[in-house]
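Participant: sequence below, structure please.
(4 chains)
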Number of protein chains: 4
Amino acid sequence: MISFASDYTTGMHPKILEAYAATNLEPLLGYGMDAYSFSAAEKIRAYIGKPEAEVFFLTGGTQTNETVISTMLEPWQGVIAAETGHIQVHEAGAVEYTGHKVLCLPSHTGLLDPAEVEAYIKTFYQDESHDHMVFPGMIYISYPSEMGTLYSKETLARLYELCKTYDMKLFIDGARLGYGLASPDADMTMQELAGLCDVFYIGGTKVGAPIGEAVVFCGCPAPRHFITMVKQHGAMLAKGRMTGIPFDVLFTDDLYMQISRHAMDMAERLKVIFQSKGYAFAWASPTNQQFVILPNEQIEALRGAVDFSVWEPADETHSVVRFATSWSTTKEDLEILKGLL
Amino acid sequence: MISFASDYTTGMHPKILEAYAATNLEPLLGYGMDAYSFSAAEKIRAYIGKPEAEVFFLTGGTQTNETVISTMLEPWQGVIAAETGHIQVHEAGAVEYTGHKVLCLPSHTGLLDPAEVEAYIKTFYQDESHDHMVFPGMIYISYPSEMGTLYSKETLARLYELCKTYDMKLFIDGARLGYGLASPDADMTMQELAGLCDVFYIGGTKVGAPIGEAVVFCGCPAPRHFITMVKQHGAMLAKGRMTGIPFDVLFTDDLYMQISRHAMDMAERLKVIFQSKGYAFAWASPTNQQFVILPNEQIEALRGAVDFSVWEPADETHSVVRFATSWSTTKEDLEILKGLL
Amino acid sequence: MISFASDYTTGMHPKILEAYAATNLEPLLGYGMDAYSFSAAEKIRAYIGKPEAEVFFLTGGTQTNETVISTMLEPWQGVIAAETGHIQVHEAGAVEYTGHKVLCLPSHTGLLDPAEVEAYIKTFYQDESHDHMVFPGMIYISYPSEMGTLYSKETLARLYELCKTYDMKLFIDGARLGYGLASPDADMTMQELAGLCDVFYIGGTKVGAPIGEAVVFCGCPAPRHFITMVKQHGAMLAKGRMTGIPFDVLFTDDLYMQISRHAMDMAERLKVIFQSKGYAFAWASPTNQQFVILPNEQIEALRGAVDFSVWEPADETHSVVRFATSWSTTKEDLEILKGLL
Amino acid sequence: MISFASDYTTGMHPKILEAYAATNLEPLLGYGMDAYSFSAAEKIRAYIGKPEAEVFFLTGGTQTNETVISTMLEPWQGVIAAETGHIQVHEAGAVEYTGHKVLCLPSHTGLLDPAEVEAYIKTFYQDESHDHMVFPGMIYISYPSEMGTLYSKETLARLYELCKTYDMKLFIDGARLGYGLASPDADMTMQELAGLCDVFYIGGTKVGAPIGEAVVFCGCPAPRHFITMVKQHGAMLAKGRMTGIPFDVLFTDDLYMQISRHAMDMAERLKVIFQSKGYAFAWASPTNQQFVILPNEQIEALRGAVDFSVWEPADETHSVVRFATSWSTTKEDLEILKGLL
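Facilitator: Reported below is the predicted structural model:
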């Protein structure tokens, strides 16, 4: 069976496996104090051109989001997110579990509108009457968004400017960062993105790593004693090598972007296949997740041969189905899919 | 350099690496819904002889402790632990972060005394005047303890009986479970231990796995929607295979106990080496952690050639030093150490 | 200066002051164990005709909401509220501070639509795919709502039926309960309301008491050790008499409803005054809060002579202004207001 | 029946009742923005001679402790307290509920020993190995302590110096502050105490007020948006006048210290009564709580005629009994007690 169910269905890039094997019996310090974690952090700093950036490796996306958000917010603050934001919808209330409110604003195909954000923020600064409300202390966005869409560099710059004006933080969830940056629609590099936010994370789990996300504090210092809070939030591993090594490999010889570009190449081919067969898309996505409208009968017919995610009903007889490519998607997978449609 | 610094300095048992490699490109469902996680859970249930037990794989020890404790306690309850307990001392306040108090009782070389526990619990049931106090709702113990010591089967049975009498839960932190059960001093099997508690976890990270701990609800059902709470607490991986596969391997052909016995064999040899050189132990430990009293000069002399953990000062000129063996300790390591003493 | 700024601008009903004075030097047990608190609870049980109901007195509305909600929800659950709900907007994130998400649904002039609620809840029961989401465990409504509007008995019954069908709780925030029940539009009594929810609270602070809200568990038992959790949440007073005495007085000789009817009588007269002067209302409110559209110039002219709350802009030159009556509003206040318009 | 059960058995000082009555129908702003709260804060600032101090009125002791502690600590910090400290023993885990650990040190008749505190703190600064522990961020003491004892000015100064050296905060729980300062053993004034801590609270509930404690940030600014966090923690009243008025009265014409001195006068007489009857004290207390060793038979004989608190068993046939005086204790009460012994 071939799978387009998600970008985390396969294990890890073979080079990471090799590195695990090659280093397996080296005794290393625990908790991220190993040479590979340090090397990975250094390579990331070099890649984004920010020698002073602070880099930490956490186990997964939800734990990264809630740890970063809750340690950067003051207790009286909440975090602004689009109503489709991962933290709002699919993280089991992890942010609220840390005591902070997610302040929802409308989603425009997964994206926040800076004008709406500013209108919302502004009210908190116009008068003193907001003592009984949760103050916006951070803007959370995903690049690419949960719907596969991308902020333009200009929009990102506007959001970051808002944050600076109103003394807020900008945090970018980059669970699929590579697939966003490698998109033909992307108008910025990771270096540029790192200059337009306070903190972002480089998704590992969905971009070739077996586990791990790299948090990069690039626009402000990391919260004091961040390591202690990563431990407190349960996002730390004793064998820090397990997240350090993958990032050390991914940031060697541009592997991270190379496999991201491969996934995007596969996504473009996938798009063409569906278009050529006459299927429509629920909305345009320039990244590795494609949202296709399929007849429910077709969906049933495909089951057993190909794996995918049924997203939501489109109408009585059709559904929106997500097909995701990844670093491990092959042309053969696509050929098989094409044959099945 | 050889290392006895801890039992998590090396990577993973080679068979786990092999299994990662062999399954790497298989598309699998995420979040623990993969065939290997199911198989591992099934093998664990079979191993402990409890077909109805519920098994979950979490990423590490701290996250396992805080998730299990906080989801099994009522909001008005705290957890009893020895003052040396890992949750009390070395988890960055993760249990308190979930809103629950750790109720400390004296440590007897790492162990709770059932009589002291009962005296403490009883007061809460003798009268109605405890409304302003935190009620004990669970007993937390480690097997082996943080000092390397072991509860006898009889003591464990007494603690569990107390829990049943007073409607509390008994939770065993088994971060080093294998090394406890494989000790010559152990008087019970994992099967027996599973019959004397409500929930325990089988340590993976310190016993050959790269990451992961297997939580086993054996004496009571898992909390409802436990999966959701594992997510909420940040202890879940998208690629659940990364914790499922190691346990599937470790519970095939008795590997878990086999490598645990190896570590204990190494620990016994290590003991003999220190004894033969005339060193004393700070206290007797029958498991893989040995606490040796070394002159501070000797400690300095060893640095650079061997890695270890300085535990605490013994007197003005001596310190307690922890040497830990593990699944990956070799006779060669021991020979080198011997030569250095 | 006269004030219609809110229903908590004056102190307390004179009979409560008298009772404080009459009992002042009696030594009483603390923490709600005094005879007046017991008597008040008994009178409330009798009034609603539910001898088995459990009644507790907490210090104020926010603390009551967050304590009731967080102690009745499971950790994996959130609470449904209208997007205008007090817990969503004006309680400084107190519910999220307890770790629970407020699940917002659209407000229809302050009210939830049972059909929308059901559509939302149903998705959680149609399939097993919601493990990563926050489950709805409670419906929170206000009677009257934050916009002054009222649920009909039929709508309330539908919401309660939904709760029973889906194993959820229904909680009614009755901060202004008397003013709702005394409204000419109300089609139910407190007795009937108590039969259509799991728990509600009888607002004291806004209905003649100086402090205090009476929580009534009428459709299910109170959470175990509720007293301990009220203490833990900081909603308890050492001198429980301070909340017990007011409710003992308010539920003697029907005082609670008598002063509520007075406030409603005043509100009806206030409406007539504005209508007679040609002012429009932003929306129809049948309770003690009236939302009048005033020219901004008029607002400025009134300042200094009368106090009120500017709610929100209506258009460039007009604003919505809230005028609230209460147990202490007098005909003289209204005459003065009339003269100023 | 006469009562020495506690210092919160009676209502409120008659002058507070009078002030409630005199101001009852004045419309006032809510949430502490009323003229009486402002006046009370001003009087407190003047009394302690610190015009820049920030003063807030909260509803009770537990809510004050958890709000102050949790808003002044960083997320990675805990609070040091004696093992007898109120926050450790009798607040239902309210501090842990906010996510922070109480770090217990030995109690010396209710007091911390600065040398022990320093030894504990120092270890956190000697090396970098404490990332997995909870850092001490605050020292919490009670003046007087839960056992009725007092810190000397010198000891307090040493504790405060430690805090300054190690960048920690010193917080004094003054639930019974007046009774401490009015003690013949007290060697400092409130003004002096305010110069030796970062924040303290002036107990109202136990010293003549019906409810309310006045938090005074005297050594550092209040946490930003403290009002919002008081709301979030449920420690705020809509009718802020209910706590503002009592403190306005108590800090007029030195009433607070005057009634405190009265209570201490009564306590001295109580001591003499017990001494003259040949009873011993469990330990020496120079404040309003006296801990007398009584035969259990005597305890039974007194029941029904006098109220008191049985503290703990002394031996098989005796118990420690607490007798507390307060602002409302009379010579007549003492005469009756004397007659009963």
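Participant: which residues touch the residue most central in space within chain A?
Facilitator: Taking C-alpha atoms, centre = their mean, the centroid of chain A lies closest to A:Ala175, which sits 2.0 Å from it. A:Ala175 is in contact with A:61, A:86, A:142, A:201, A:203, A:205-206, A:213, counting by C-beta atoms under 8 Å, 6 or more residues apart in numbering or on different chains. For every residue, glycine as well, the C-beta is placed using N, CA and C.
Participant: state whether A:Thr59 and A:Ala238 are indeed in contact, as I suppose.
Facilitator: No - A:Thr59 is beyond contact range of A:Ala238, at 11.4 Å (criterion: C-beta atoms under 8 Å).
Participant: related to what we said a few turns ago, check the contacts of A:Ala175 and tell me the two furthest apart.
Facilitator: A:Ser142 and A:Thr205 (14.2 Å; C-beta to C-beta).
Participant: tell me which of those two has more neighbours.
Facilitator: A:Ser142 (30 against 26; other C-beta atoms under 10 Å in any protein chain shown).
Participant: list the beta-bridge partners for the more buried one.
Facilitator: The partner list for A:Ser142 in beta bridges (DSSP bridges) reads A:Asp173.
Participant: quick one: the residue of the stretch 151-300 of chain A found nearest chain B from B:Val102, how far?
Facilitator: Closest residue of the stretch 151-300 of chain A to chain B, C-beta to the nearest C-beta: A:Gly234 (3.1 Å). For A:Gly234, the distance to B:Val102 equals 16 Å [C-beta to C-beta, to the nearest Å].
Participant: between the two, which is the more surrounded one?
Facilitator: Neighbour totals were compared for A:Gly234 and B:Val102, and A:Gly234 leads with 30 against 23 (other C-beta under 10 Å).
Participant: in contact with that one, which residues are there?
Facilitator: Contacts for A:Gly234 (C-beta under 8 Å, 6+ apart) come out as A:63, B:59-60, B:62-63, B:66-67, B:94, B:233-235.
Participant: redo these as JSON lines? Include pLDDT.
Facilitator: JSON lines is the format used below for the contacts of A:Gly234 (pLDDT from 0 to 100):
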{"residue": "A:Gln63", "pLDDT": "98"}
{"residue": "B:Thr59", "pLDDT": "97"}
{"residue": "B:Gly60", "pLDDT": "97"}
{"residue": "B:Thr62", "pLDDT": "98"}
{"residue": "B:Gln63", "pLDDT": "98"}
{"residue": "B:Glu66", "pLDDT": "98"}
{"residue": "B:Thr67", "pLDDT": "98"}
{"residue": "B:Ala94", "pLDDT": "97"}
{"residue": "B:His233", "pLDDT": "97"}
{"residue": "B:Gly234", "pLDDT": "96"}
{"residue": "B:Ala235", "pLDDT": "97"}
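Participant: those residues in strands, which ones?
Facilitator: Using DSSP state E, no member of these falls within strands.
Participant: closest residue of the stretch 201-341 of chain A to chain C?
Facilitator: Counting by C-beta to the nearest C-beta, the stretch 201-341 of chain A gets nearest chain C through A:Val310, at 9.2 Å.
Participant: that residue: how many residues sit nearby?
Facilitator: The number of residues packed near A:Val310 is 15, by other C-beta under 10 Å.
Participant: wait, is it part of a strand?
Facilitator: Yes - secondary structure of A:Val310 (DSSP: H, G, I helix; E, B strand; the rest coil): part of a strand.
Participant: now do the same contact list for it.
Facilitator: A:299, A:319-322.
Participant: same thing with A:Ala21?
Facilitator: By C-beta under 8 Å, 6+ apart, the contact list for A:Ala21 reads B:17, B:21.
Participant: quick one: it and B:Ala209, what's the gap?
Facilitator: For A:Ala21, the distance to B:Ala209 - C-beta to C-beta - is 16 Å.
Participant: again with A:Leu159
Facilitator: 42 Å.
Participant: ok, the contacts of A:Gly234 vs chain D, which is closest?
Facilitator: Once C-beta to the nearest C-beta is applied, the member of these that ends up nearest chain D is B:Thr62, at 8.3 Å.
Participant: and that closest one, how many neighbours?
Facilitator: Using other C-beta under 10 Å, B:Thr62 is surrounded by 28 other residues.
Participant: and A:Leu294, helix, strand or coil?
Facilitator: With three-state DSSP as the basis, A:Leu294 sits in strand.
Participant: run a quick check on it versus A:Gly278, I expect a contact.
Facilitator: No - using C-beta under 8 Å, A:Leu294 is not in contact with A:Gly278, being 11.2 Å away.
Participant: who has more neighbours, those two?
Facilitator: Counted by other C-beta under 10 Å, A:Leu294 and A:Gly278 do not tie: A:Leu294 has more neighbours, with 22 against 7.
Participant: which residues are in contact with the more buried one?
Facilitator: A:279, A:302, A:318-319, A:321.
Participant: quick check: the gap between it and D:Cys197.
Facilitator: Distance of A:Leu294 to D:Cys197, computed by C-beta to C-beta: 68 Å.
Participant: and A:His262, what is it in contact with?
Facilitator: Counting by C-beta under 8 Å, 6+ apart, A:His262 touches A:327, A:329.
Participant: which residues touch A:Gly32?
Facilitator: A:56-57, A:227, A:236-237, A:240, A:243-244.
Participant: switch to 10 Å and redo it
Facilitator: By C-beta atoms under 10 Å, 6 or more residues apart in numbering or on different chains, A:Gly32 lies in contact with A:38, A:40-41, A:55-58, A:227, A:230, A:236-241, A:243-244, D:131.
Participant: type out the PyMOL command that picks the buried ones from these.
Facilitator: Per 16 or more other C-beta atoms under 10 Å in any protein chain shown, the buried members of the contacts of A:Gly32 correspond to this PyMOL selection:
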select buried, (chain A and resi 38+40+41+55+56+57+58+227+230+236+237+238+239+240+241+243+244) or (chain D and resi 131)
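Participant: can you count the residues close to the residue lying closest to A:Val207 once chain neighbours are set aside?
Facilitator: The shortest distance from A:Val207 to any non-neighbouring residue, by C-beta to C-beta, 6 or more residues apart in numbering or on different chains, is to A:Gly178 (4.3 Å). The local packing of A:Gly178 (other C-beta under 10 Å) involves 33 other residues.
Participant: which ones are touching A:Gly178?
Facilitator: Taking C-beta under 10 Å, 6+ apart, we find A:Gly178 in contact with A:7, A:144, A:190, A:202-204, A:206-208, A:250, A:255-264, A:287-288, A:326-327.
Participant: how near is A:Thr287 to chain D?
Facilitator: In this view, A:Thr287 and chain D are 34 Å apart by C-beta to the nearest C-beta, to the nearest Å.
Participant: just checking, that residue touches A:Ser326?
Facilitator: No - counting by C-beta atoms under 10 Å, A:Thr287 does not reach A:Ser326; the two are 11.4 Å apart.
Participant: got any residues that touch both of the two?
Facilitator: Here A:Thr287 and A:Ser326 have A:176, A:178-179, A:260, A:263, A:267 as joint contacts, going by C-beta under 10 Å, 6+ apart.
Participant: can you list the weak-confidence ranges in the stretch 1-150 of chain A?
Facilitator: Where the stretch 1-150 of chain A drops to pLDDT under 70, the residues are A:127-129.
Participant: that older thread, count the residues that sit near the residue lying closest to the residue of the stretch 151-300 of chain A closest to chain B once chain neighbours are set aside.
Facilitator: Closest residue to A:Gly234 apart from its sequence neighbours, by C-beta to C-beta, 6+ apart: B:Gln63 at 3.1 Å. B:Gln63 has 26 neighbouring residues, counting by other C-beta under 10 Å.
Participant: swap in the one 4 residues further on?
Facilitator: For B:Thr67, the count of nearby residues is 27 (other C-beta under 10 Å).
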